[in-house]
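Asks: 3D, please:
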Amino acid sequence: MKLRKIKADFYLQNSVSAAKALLGKYLVRRQGASVMAAKIVETEAYRGKNDPGSHAFVKRTPRNEVMFGPPGRAYVYFCYGNHYLFNIVTEPEGTAGAVLIRAVEPVAGIKRMKKNRGAEGINITNGPAKFTQAMAIGREQNRTDLTKNEIYVCDGQKEKFGIVSKSRIGIKTGLDLKWRFYIKGNSYVSKP
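Replies: Sure thing, here's the model as predicted:
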């Protein structure tokens, strides 16, 4: 399968549109000589002051600073004191926004992912912390420029699929916003 890196202007769109548009694209992670790639199958959109579920809802802080841009950067944070979550910064610079990647379907470097995760089958990447562990994404990747070559997003083959929209997971406010999106019927989608 031939993968083509998406252009930087893709990341300028609003987070909700980007969360849907990222479905079916491929996340590529280079680690030394290893290359891992996975199809994005589940996302969640987060915005700024109008999104009570967002880290950027109240104010700009050192933790959420990356959400304000520039777009096309990784926002990686430590969650619940034991795992990392990976987001893609979207929106024009100065406007907070990011898309949490919740689940991916491995397509290349699967042996390496299994080793990193210590798991088999869908349990390798069917959740946001599982996939970051499988693809060796941690605090060091925070602010990574996704237009470079360590971590990046690619277009893949064109395919038709249904998109399901639901409430986001793991937040207490903003549940009325149906900004969790996933590929209908994909077995790697996380189970809340």
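Asks: so where's the protein uncertain?
Replies: Applying pLDDT under 70 to the chain flags the ranges 1, 80-81.
Asks: show me where it has its strands.
Replies: Under the criterion DSSP state E, strands of the chain are mapped to 4-5, 26-31, 34-46, 74-79, 83-89, 98-108, 151-155, 163-166, 180-183.
Asks: how distant is the fourth one from the center of its chain?
Replies: Computed by C-alpha atoms, centre = their mean, to the nearest Å, the chain-centroid distance of strand 74-79 equals 10 Å.
Asks: what angle sits between it and strand 34-46?
Replies: Relative orientation of strand 74-79 and strand 34-46, computed by axes from the mean of the first three to the mean of the last three C-alpha atoms, to 10 degrees: 80 degrees.
Asks: between strand 74-79 and strand 151-155, how many degrees?
Replies: Relative orientation of strand 74-79 versus strand 151-155 (the same axes, to 10 degrees): 120 degrees.
Asks: quick revisit: need the strands of the chain in TSV (columns: distance to residue 55).
Replies: Where C-beta positions appear, they are placed from N, C-alpha and C, glycine not excepted. TSV is the format used below for the strands of the chain (distance: least, C-beta to C-beta, whole Å):
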stretch	distance to residue 55
strand 4-5	27
strand 26-31	21
strand 34-46	7
strand 74-79	8
strand 83-89	9
strand 98-108	8
strand 151-155	20
strand 163-166	20
strand 180-183	16
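Asks: figure out which of those strands is closest to residue 137.
Replies: strand 83-89 (5.2 Å; C-beta to C-beta).
Asks: can you tell me how far the spatially most central residue of the chain sits from residue 25?
Replies: Among the residues of the chain, the one closest to the centroid is residue 101, at 2.3 Å (C-alpha atoms, centre = their mean). Going from residue 101 to residue 25 by C-beta to C-beta, to the nearest Å gives 10 Å.
Asks: what do these two both touch?
Replies: Contact with both residue 101 and residue 25 is made by residues residue 40, according to C-beta atoms under 8 Å, 6 or more residues apart in numbering.
Asks: one step back: I figured the residue nearest to the centre of the chain hits residue 87, correct?
Replies: Yes: counting by C-beta atoms under 8 Å, a contact exists between residue 101 and residue 87, whose distance comes to 7.0 Å.
Asks: for the residue nearest to the centre of the chain, give its distance to residue 59.
Replies: In terms of C-beta to C-beta, residue 101 sits 25 Å off from residue 59.
Asks: ditto for residue 175
Replies: Distance from residue 175 to residue 59, by C-beta to C-beta: 22 Å.
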